[in-house]
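# Quick one: sequence and predicted model below, then my questions.
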Amino acid sequence: QKEVEQNSGPLSVPEGAIASLNCTYSDRVSQSFFWYRQYSGKSPELIMSIYSNGDKEDGRFTAQLNKASQYVSLLIRDSQPSDSATYLCAVKGGSYIPTFGRGTSLIVHP
Amino acid sequence: DAMVIQNPRYQVTQFGKPVTLSCSQTLNHNVMYWYQQKSSQAPKLLFHYYDKDFNNEADTPDNFQSRRPNTSFCFLDIRSPGLGDAAMYLCATSSGDGMNTEAFFGQGTRLTVV
């Protein structure tokens, strides 16, 4: 069974710090990886996608992928209180259907 | 703007009373998904359509059914809601063409069973 594992947190960081969120997956044939942000009571919204090993940067966000170690991470630089949310990792393996992790709760305190 | 719209945003239903949640999309995506999400849990896939092809997850209770009358609309029917069915129900779409396509979510429907 395909699994996507995330530490549920909460991860608490001070405003302006770097938040590091991690995700591991079990399916070795996974090819596509996505990070979603979900505010309390709201639906997930896509932040970043990554498909190749290495880093991908978009503004304050950097996604990192290491397929050999089967992990993907999301770094948030200069964290703001508005970044406080749950971050879901989603992985696509041999099909077009994404499998989601349970998410990591991030709290950015002033 | 192209988007995924779910109605209603909040639904209160009585125990055992059938309820229908709806989802529409203007993205013209061929894949539509229904997820159930309970507090602090991962979204759980109930079923999905690839065009008209219906795919039911093995552990989706028989109490849940779905209809997709056309590309734009998809419905989730809960025949006899129980207290354990209270959750956020998320509709999502994707183009389905290849692996590098993300899922777009609607705003969700929060279902309360009383």
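Received it, and whenever you're ready, just let me know what you need.
# residues touching B:K52, list them.
Residues in contact with B:K52 (Cβ atoms under 8 Å, 6 or more residues apart in numbering or on different chains) are B:R68. C-beta: built from backbone N, CA, C; applies to glycine.
# With B:R67 as the reference, measure out to it.
Separation of B:K52 from B:R67 (Cβ to Cβ, to the nearest Å): 11 Å.
# need the residues of chain A near chain B, please.
A:4, A:8, A:31-32, A:34, A:36, A:41-46, A:49, A:51, A:88, A:90, A:92, A:96-98, A:100-103, A:105 (Cβ under 8 Å from any Cβ of the partner chain).
# what's the next secondary structure element after the one helix or strand A:W35 maps to?
Assessed by DSSP states H and E, A:W35 sits inside strand A:32-38. Later in the chain than strand A:32-38, the nearest helix or strand by DSSP H and E is strand A:45-50.
# Would you state the predicted confidence (pLDDT) at B:M99?
The pLDDT attached to B:M99 in the predicted structure is 67.
# go on, the one 10 residues further on?
The model reports B:T109 with a pLDDT of 97.
# What residues does residue 82 make contact with?
No chain specified, so I'll use chain A. A:S82 touches A:V108, counting by Cβ under 8 Å, 6+ apart.
# Wait, chain B was what I had in mind.
Contacts of B:G82 (Cβ under 8 Å, 6+ apart): B:F15, B:G16, B:N63, B:V113.
# rerun at 10 Å
Applying Cβ atoms under 10 Å, 6 or more residues apart in numbering or on different chains, we find B:G82 in contact with B:F15, B:G16, B:P61, B:N63, B:V113.
# do the same with B:K44
Contacts of B:K44 (Cβ under 10 Å, 6+ apart): A:F100, B:W34, B:Y35, B:Q36, B:Q37, B:K38, B:E57, B:D59, B:T60, B:A87, B:L90.
# try it again with 7 Å
B:Y35, B:Q36, B:Q37 (Cβ atoms under 7 Å, 6 or more residues apart in numbering or on different chains).
# May I see the residues you listed organised as TSV, with secondary structure, distance to chain A and pLDDT added?
Shown next, in TSV, are the contacts of B:K44 (DSSP: H, G, I helix; E, B strand; the rest coil; distance: Cβ to the nearest Cβ, whole Å; pLDDT from 0 to 100):
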residue	secondary structure	distance to chain A	pLDDT
B:Y35	strand	8	96
B:Q36	strand	12	97
B:Q37	strand	9	96
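# Any chance you could spot the residue sitting in the middle of chain B?
The residue lying closest to the centre of chain B (Cα atoms, centre = their mean) is B:W34, at 2.8 Å.
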